[in-house]
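K.L.:
sequence unknown, structure follows:
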């Protein structure tokens with residue numbers, strides 16, 4: 001049985017690479033202490049946690065394998081964000097426990113947000129789990145595995161230190177392709193959005209110092225990473241906890257100086273603390289792409305207040321207008337929630353109108369998921385699931401027309417494309433992305449007509465002419 005690393009519930013599964021982010025090299029000794037397989041679910045922030053744990057295991061002499069049949073133990077790094085993510089995590093855990101019962105693997109270790117959120121409840125339902133490590137205990141992975149491998153039976157099964165400042169991610173074993181990586185700049189969130197359980201799982205907002213983030217970015221660049229994707233729970237809030245005020249501008253200024261990195265992509269902006277200095281930095285940078293992911297959730301003032309978003313439609317429109325007018329060729333991505341408790345037809349129509357007018361290049365819609373122990377779980381006037389799904393579909397129909405028209409408008413233009421992988425079964429065709437597509441969540445650029453005498457390499461940046469649009473994807477031809 002093959003066990004590829006799964007990095008996103010919405011993305012195709014793929015195997016890990018053996019790239020080593022630590023410039024001093026990871027001390028991987030094949031099978032010295034034991035062999036393990038890993039399943040990493042959820043968001044890029046969780047993926048960084050996975051890579052950090054794998055780096056520690058490698059340094060301690062454990063060897064990662066791609067097949068459960070060859071593994072002594074399996075680490076399942078879970079997501080607990082919404083219902084569908086939890087179900088995926090439960091399914092992965094149960095599959096591994098079934099293999100343990102069959103004697104194919106010795107131990108199953110559950111880590112991440114679901115382990116943090118459910119703790120004893122999860123262990124009570126699945127007592128066959130050998131150990132659980134919450135999001136703040138990832139540095140305990142080696143000691144936990146050492147004890148399991150040594151047959152220590154009396155250890156506590158739950159390892160959950162109190163929330164601490166973010167750990168260094170300098171030592172990582174990459175599970176993304178070698179040419180791009182996620183750079184986590186902070187942990188946790190101080191927002192109290194009524195629908196969200198992330199603060200309960202990942203604690204209060206803690207920023208890494210600027211010097212630490214820059215050092216980690218340089219290590220990534222020195223290891224061959226060409227595209228760095230900046231992630232956090234709340235990117236624009238970066239630095240407020242340790243510097244007294246947001247310092248994203250200062251951080252990006254330093255990151256933009258790193259010559260070994262070609263592209264810097266920004267994710268998870270909150271629509272606050274976006275001032276003129278930050279916009280000027282984004283507009284005048286060398287390496288920061290004109291791409292911003294800003295989850296807005298809704299556009300009805302009533303819904304935004306009910307969600308405790310501390311913003312209004314007019315403020316969101318003002319921010320979007322400023323960004324569009326001052327950053328050339330800006331590409332915006334957002335996510336929205338449909339069917340939040342109390343959402344009326346009028347609220348939904350306001351959201352549809354907002355989407356139609358703003359013309360986001362990329363947009364996703366979640367139907368509301370009831371999250372235990374959040375204020376929204378107690379709100380009256382629940383929207384029936386079939387209504388929420390219908391509203392989600394209506395928004396996506398509007399967005400599809402916008403996205404398809406945008407892609408069609410790009411035909412004939414010349415864009416730089418980063419090459420991600422050869423297209424399986426298609427000689428001379430490669431998958432890549434332009435500045436307009438983030439890895440794993442947006443469409444792809446299919447580069448065809450590649451000269452067999454001058455083959456491409458994964459990670460190459462190639463000037464291409466966009467020759468056709470195919471829905472959310474593009475077809476391109478290399479210029480040389």
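P.N.:
Everything's here; your move. None of these values were measured; they are calculated from a predicted model. Numbers count the residues shown, from 1 in each chain.
K.L.:
going forward, measure contacts and count neighbours with C-alpha atoms only.
P.N.:
Will do.
K.L.:
give me the element residue 35 is part of.
P.N.:
According to DSSP states H and E, residue 35 maps onto strand 34-40.
K.L.:
my bad, should have said residue 116
P.N.:
Under the criterion of DSSP H and E, residue 116 resides in helix 113-118.
K.L.:
Show me which residues of that helix are buried.
P.N.:
The neighbour-count check on helix 113-118 (16 or more other Cα atoms under 10 Å) flags 113-117 as buried.
K.L.:
hang on, the earlier thing: the strand holding residue 35 pairs with which strands, parallel or anti?
P.N.:
Strand 34-40 has the following strand partners under DSSP bridges: strand 62-64 (parallel), strand 73-78 (parallel).
K.L.:
from what I can see, residue 181 looks like it's in a strand, true?
P.N.:
Yes - assessed with DSSP: H, G, I helix; E, B strand; the rest coil, residue 181 lies in a strand.
K.L.:
Dig out what the nearest residue to it once chain neighbours are set aside forms beta bridges with.
P.N.:
Leaving aside its sequence neighbours, residue 181 sits nearest to residue 228 (Cα to Cα, 6 or more residues apart in numbering; 5.3 Å). With DSSP bridges as the criterion, residue 228 is bridged to residue 181, residue 264.
K.L.:
Pull the number of nearby residues for residue 228.
P.N.:
By other Cα atoms under 10 Å, the residues close to residue 228 number 24.
K.L.:
Residue 457 now?
P.N.:
Using other Cα under 10 Å, residue 457 has 13 other residues around it.
K.L.:
Check residue 394 too.
P.N.:
Residue 394, neighbours per other Cα under 10 Å, totals 15.
K.L.:
and what of residue 475?
P.N.:
Using other Cα under 10 Å, residue 475 has 20 other residues around it.
K.L.:
same question, residue 275
P.N.:
Neighbours around residue 275, by other Cα under 10 Å: 12.
K.L.:
now do residue 413
P.N.:
Residues near residue 413, counting by other Cα under 10 Å: 11.
K.L.:
wait, isn't it in contact with residue 468?
P.N.:
No - the criterion here is Cα atoms under 8 Å, and residue 413 misses it with residue 468 at 10.3 Å.
K.L.:
can I get the buried residues of helix 113-118 in CSV with distance to residue 59 and pLDDT?
P.N.:
What follows is the buried residues of helix 113-118, written out as CSV (distance: Cα to Cα, whole Å; pLDDT from 0 to 100):
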residue, distance to residue 59, pLDDT
113, 24, 89
114, 26, 89
115, 24, 88
116, 25, 85
117, 29, 84
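K.L.:
before we move on, back to that, run through who's touching the helix holding residue 116.
P.N.:
77-81, 86, 89, 122, 132-135, 160, 200-202 (Cα atoms under 8 Å, 6 or more residues apart in numbering).
K.L.:
Among those, which ones are in helices?
P.N.:
86, 89, 122, 200-202 (DSSP state H).
K.L.:
most surrounded residue in the residues you listed?
P.N.:
Busiest of these [other Cα under 10 Å] is residue 89, holding 26 neighbours.
K.L.:
Pull the contacting residues for the closest residue to residue 338 other than its chain neighbours.
P.N.:
Using Cα to Cα, 6+ apart and skipping the chain neighbours, the partner closest in space to residue 338 is residue 367 (4.7 Å). By Cα under 8 Å, 6+ apart, the contact set of residue 367 is 337-340, 388-389, 392.
K.L.:
hang on, the earlier thing: what's the closest of the contacts of helix 113-118 to residue 299?
P.N.:
residue 81 (22.2 Å; Cα to Cα).
K.L.:
Much appreciated, bye for now.
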